[in-house]
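Undergrad: sequence and predicted model, in that order:
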Amino acid sequence: MSQRITSRDNDKIKYACKLAQSAAFRTGESAFFAEGLKLCADLAAACPLKVIFYTAAALEKEPGLESMGAENYLVEEHVAQKLAGVQTHQGVFGIFRRPAARFEDLPAPGRLLALERVQDPGNVGALLRSAAAFGFDGALLSPGCADPFGPKALRASMGAAARLAVVQTPHLPDALAALRQRGVTTLAAALYNSRPLDEVPAALPGGACIVIGSEGQGLCQATIDACDGAVRIPITDRVESLNAAVAGSVLLWHFRGVGR
């Protein structure tokens, strides 16, 4: 039986909103917030759903909402608007336990994605979605990356952040050096002193880690130096560069673990 929440100032609602707004709070609580029926259902298959909120209209469309979470709350429309932060929403919101992944658990051999200072949550989410789609096993994120469990990144990844081993590393060059010691080939996406992608073998014996930087700054030299080599995507002179999510997805497809 659902409990009813009628006030926007309810402590549960305030807690959910703080999770949605603060990356530091999400990390400290080992929890995150998500919106939307499909996204919440997909996430619930990968990590524990602690609390679910839904409107009467959403419950009418999907009666199974009452049995999805450990705690279930029926919320008034004006409360749902506070949770969503916008006028248009699906009326379904969840609080999930954040998966805990460790660097030591990343497989070797395996296929990994590494991101350095990719600040746009849409790009982080899109890259994680591509990594999951192309059979990658996990991802490393440097300081300065958008939180993969923030609402915008979660929407862009369609929940892929919960289906991959996502590790936030304090110093990416050191993590890459450790992967090389485990036999993983680390490849930086860079223009200079790099090989065209079509000249690089797609299947590497110890697996591969594809390292992608931000659109504005690219990869720092220390990160490039920590890699086994650098690769670039050949493009025409009609454009200067590719969006980070597009370029990264092309690289991930080349080194994919499915569909060969």
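TA: Nice, I can see it.

Undergrad: drop to CA atoms for contacts and neighbour counts, all remaining ones
TA: Noted.

Undergrad: what sits against the closest residue in space to residue 157 that isn't next to it in sequence?
TA: Among residues not flanking residue 157 along the chain, residue 125 sits closest, at 4.0 Å (Cα to Cα, 6 or more residues apart in numbering). Going by Cα atoms under 8 Å, 6 or more residues apart in numbering, residue 125 touches 148, 152, 153, 154, 155, 156, 157, 158, 160, 161.

Undergrad: what's downstream of the helix or strand where the last one lies, the next helix or strand?
TA: It stands for residue 161. Assigned by DSSP states H and E, residue 161 belongs to helix 160-163. Downstream of helix 160-163, the first helix or strand assigned by DSSP H and E is strand 165-168.

Undergrad: hmm, who's touching the helix or strand that that following strand is followed by?
TA: Sequence-wise, the next helix or strand downstream of strand 165-168 (DSSP H and E) is helix 172-181. Helix 172-181 is contacted from outside by 108, 116, 140-142, 169, 185-186, 222-223, 226-228, using Cα under 8 Å, 6+ apart.

Undergrad: and the helix or strand residue 79 falls within, how far from the chain's centre?
TA: Using DSSP H and E, residue 79 sits within helix 77-84. Distance, stretch centre to chain centre, for helix 77-84: 25 Å (Cα atoms, centre = their mean, to the nearest Å).

Undergrad: next, the buried residues of the helix or strand where residue 60 lies.
TA: Using DSSP H and E, residue 60 sits within helix 56-61. Residues 58, 59 are the ones in helix 56-61 that count as buried (16 or more other Cα atoms under 10 Å).

Undergrad: stretch 25-33 now?
TA: 26, 31, 32, 33.

Undergrad: surely the second one is in contact with residue 20?
TA: Translated: residue 31. No - counting by Cα atoms under 8 Å, residue 31 stays clear of residue 20, with 10.0 Å between them.

Undergrad: helices or strands next to the helix holding residue 79 in the packing?
TA: helix 11-21 (3 or more Cα pairs under 8 Å, 6 or more residues apart in numbering; DSSP states H and E).

Undergrad: rerun that using 10 Å as the cut-off
TA: Contact here means 3 or more Cα pairs under 10 Å, 6 or more residues apart in numbering; DSSP states H and E; on that basis helix 77-84 packs against helix 11-21, strand 31-35, strand 49-54, strand 71-75, strand 92-97.

Undergrad: buried sites along that helix?
TA: The neighbour-count check on helix 77-84 (16+ other Cα under 10 Å) flags 77, 79, 80, 81, 82, 83, 84 as buried.

Undergrad: could you do stretch 95-111 as well?
TA: Buried residues in stretch 95-111, defined by neighbour count with 16+ other Cα under 10 Å: 95, 96, 97, 98, 99, 103, 106, 107, 108, 109, 110, 111.

Undergrad: which pair of the residues you listed spans the longest distance?
TA: 95 and 109 (33.6 Å; Cα to Cα).

Undergrad: re the thing from before, overlap in contacts of residue 31 and residue 20?
TA: Both residue 31 and residue 20 are in contact with 95, 149, where contact means Cα atoms under 10 Å, 6 or more residues apart in numbering.

Undergrad: gap between the spatially closest residue to residue 98 that is not a sequence neighbour and residue 253?
TA: Among residues not flanking residue 98 along the chain, residue 31 sits closest, at 4.5 Å (Cα to Cα, 6+ apart). Using Cα to Cα, to the nearest Å, residue 31 is found at 31 Å from residue 253.

Undergrad: need the three-state assignment for residue 144.
TA: Secondary structure, DSSP: H, G, I helix; E, B strand; the rest coil: residue 144 is coil.
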